[in-house]
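**Student:** missing the sequence, but the structure's below:
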């Protein structure tokens with residue numbers, strides 16, 4: 001299996017994160033930091049699943065938004081702590097997002113490197129459960145390559161769109 005499409009999807013997300021300038025989210029929406037932290041946590045889960053597939057071990061992959069909330073908060077707090085001091089909130093927020101983007105670069109590169117090693121093992125069936133909002137719902141056994149394809153073609157673009165929606169031009173009423 002080739003990770004080229006997956007790498008392109010990550011490049012788009014990382015370019016958007018690097019551009020910065022996000023507005024606070026509306027009610028019930030995720031912040032840019034929460035979106036990136038979610039992707040980092042998801043990469044770690046997908047890497048674990050890919051390692052299990054490579055080792056020939058049974059594995060179930062569950063990406064449930066509710067399961068990630070404590071982990072998201074911990075990742076954001078960790079990056080906030082490493083941003084240091086009590087400087088300006090805007091500068092500190094950019095540092096937190098930058099730290100999360102660095103983590104996403106590392107986790108996405110690790111996942112892509114593992115994907116490149118899959119070969120025929122990419123067709124290994126893995127119980128997969130993806131529940132994000134109403135537009136991404138999977139609860140079945142899929143070849144691991146199919147789950148990775150959903151991640152590259154549906155999951156990452158969904159979060160890219162969420163990031164873009166946090167741009168001020170999409171929310172002129174915010175200010």
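**Tutor:** That came through fine. Note that the structure is a prediction, hence the values are computed from the model and not measured. Numbering: from 1, shown residues only.
**Student:** residue closest to the middle of the chain?
**Tutor:** Centroid-nearest residue in the chain: residue 39, 1.4 Å away (criterion: Cα atoms, centre = their mean).
**Student:** Test my guess that it contacts residue 156.
**Tutor:** Yes: if you go by Cβ atoms under 8 Å, residue 39 and residue 156 touch, sitting 7.5 Å apart. In this view, the C-beta of every residue, glycine as well, is placed from N, C-alpha and C.
**Student:** The residue nearest to the centre of the chain: which element?
**Tutor:** Per DSSP states H and E: residue 39 is located in helix 32-55.
**Student:** Residue 138 now?
**Tutor:** Using DSSP H and E, residue 138 maps to strand 136-143.
**Student:** neighbouring contacts of that strand?
**Tutor:** With Cβ atoms under 8 Å, 6 or more residues apart in numbering as the test, strand 136-143 has contacts from 122-131, 147, 150, 154-155, 158.
**Student:** Looking at the residues you listed, which gets the smallest pLDDT?
**Tutor:** By pLDDT, residue 131 ranks lowest within these, coming in at 73.
**Student:** what about that one, distance to residue 9?
**Tutor:** Residue 131 sits 20 Å away from residue 9, going by Cβ to Cβ, to the nearest Å.
**Student:** Looking at those two, which is more packed in?
**Tutor:** The residue with more neighbours, out of residue 131 and residue 9, is residue 9; 21 against 15, by other Cβ atoms under 10 Å.
**Student:** ok now do the more buried one, which residues does it touch?
**Tutor:** 151, 152, 153, 156, 157, 160.
**Student:** and the two most separated of the residues you listed?
**Tutor:** Using Cβ to Cβ, those reach their maximum pairwise distance at 151 and 160, which is 12.4 Å.
**Student:** Among those two, which residue is more densely surrounded?
**Tutor:** The neighbour comparison of residue 151 against residue 160 (other Cβ under 10 Å) goes to residue 151, with 24 against 20.
**Student:** Please identify which of the contacts of residue 9 is nearest to residue 111.
**Tutor:** Nearest to residue 111 among the contacts of residue 9: residue 151, at 8.7 Å, using Cβ to Cβ.
**Student:** The closest one reaches residue 5, doesn't it?
**Tutor:** No: under the criterion of Cβ under 8 Å, residue 151 makes no contact with residue 5, lying 9.9 Å away.
**Student:** what's the neighbour count on residue 19?
**Tutor:** 11.
**Student:** Next, give phi and psi for it.
**Tutor:** The phi and psi values for residue 19, taken as degrees, to the nearest 10, are phi -60, psi -30.
**Student:** got it, and residue 3?
**Tutor:** phi -100, psi 10.
**Student:** my guess is it meets residue 110, correct?
**Tutor:** No: using Cβ under 8 Å, residue 3 makes no contact with residue 110, being 11.0 Å away.
**Student:** Right, I'll call it a day here.
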